[in-house]
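Q: One predicted model, sequence on top.
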Amino acid sequence: MSVTRIAFVRGTPRLAGWRLALLVVGAIALLPAGAHWLRQWSAIASLEAQLETARPRRSMEPALPAAQQREHDQQTRAVAEAVRQLNLPVPRLLKTLQAPADMRVALLGLDLNGQPPQDAAATTGPAGSLKIAAEAETARDMLNYLAFLNQQRMFSSVYLVKHEVAAGDAAHPYRFQLEAQWRL
């Protein structure tokens, strides 16, 4: 009796002839790309080394004596206040304060030196306090102007601080002071 073998899996092809030539041609074609990759890799490594040497080192500065530290802190606060004053959006504030034509209100004075509100850190962007001195022909114009400013998005709150009727003037205008908290 003869035994027949059935092979379900073919034997592995041998690397000979055209298969070997194709493998050699492919390897030769990939050599320039591999060489380019190695050059880029070494360039990146050298740049990272240069970056590491150029990175600033933290130097330990000696602590200032208490008197010098207080003076330094005062100077820092003064500079920060000056920068805050320079960054005030004065043209935008003035445009927002301009009363509509139907309200007979005249601005007499503005004080932009008010400190920002205590919760200014919670608001986005700069904030501050603005004191307004104005004059209106009637009490209705005064109250309408107050309501007008309260509707402006730039102001978080506007309130009447003081008002009086100018008795010395023949027209008896209302002079009043407002305080407004503004934010951007």
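A: Everything's here; your move. Residues are numbered from 1 along each chain as shown.
Q: Which strand residues bridge Glu179?
A: Beta-bridge pairing for Glu179 (DSSP bridges): Lys131, Tyr159.
Q: quick one: it and Val83, what's the gap?
A: Distance of Glu179 to Val83, given as CB to CB, to the nearest Å: 24 Å. Heads up, the C-betas are built off the backbone N, CA and C, glycines and all.
Q: which of these two has more neighbours?
A: Neighbours around Glu179 and Val83, counted as other CB atoms under 10 Å, are more numerous at Glu179. The numbers are 16 against 9.
Q: That one against Ala133, yeah?
A: No - counting by CB atoms under 8 Å, Glu179 stays clear of Ala133, with 10.6 Å between them.
Q: Strands of the chain, start to end?
A: Here the chain has its strands, by DSSP state E, at 105-114, 127-136, 155-165, 174-183.
Q: Please name the nearest non-neighbouring residue to Asn150.
A: Spatial nearest neighbour of Asn150, excluding adjacent residues (CB to CB, 6 or more residues apart in numbering): Val158 at 4.9 Å.
Q: What count of nearby residues applies to that neighbour?
A: 20.
Q: Give the full set of residues in contact with it.
A: Val158 makes contacts with Leu146, Leu149, Asn150, Gln152, Leu178, Glu179, Ala180, Gln181, as judged by CB atoms under 8 Å, 6 or more residues apart in numbering.
Q: Please tabulate the strands of the chain in CSV, including the columns mean pLDDT and distance to Leu88.
A: Shown next, in CSV, are those (pLDDT from 0 to 100; distance: least, CB to CB, whole Å):
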stretch, mean pLDDT, distance to Leu88
strand 105-114, 84, 6
strand 127-136, 88, 7
strand 155-165, 91, 14
strand 174-183, 90, 9
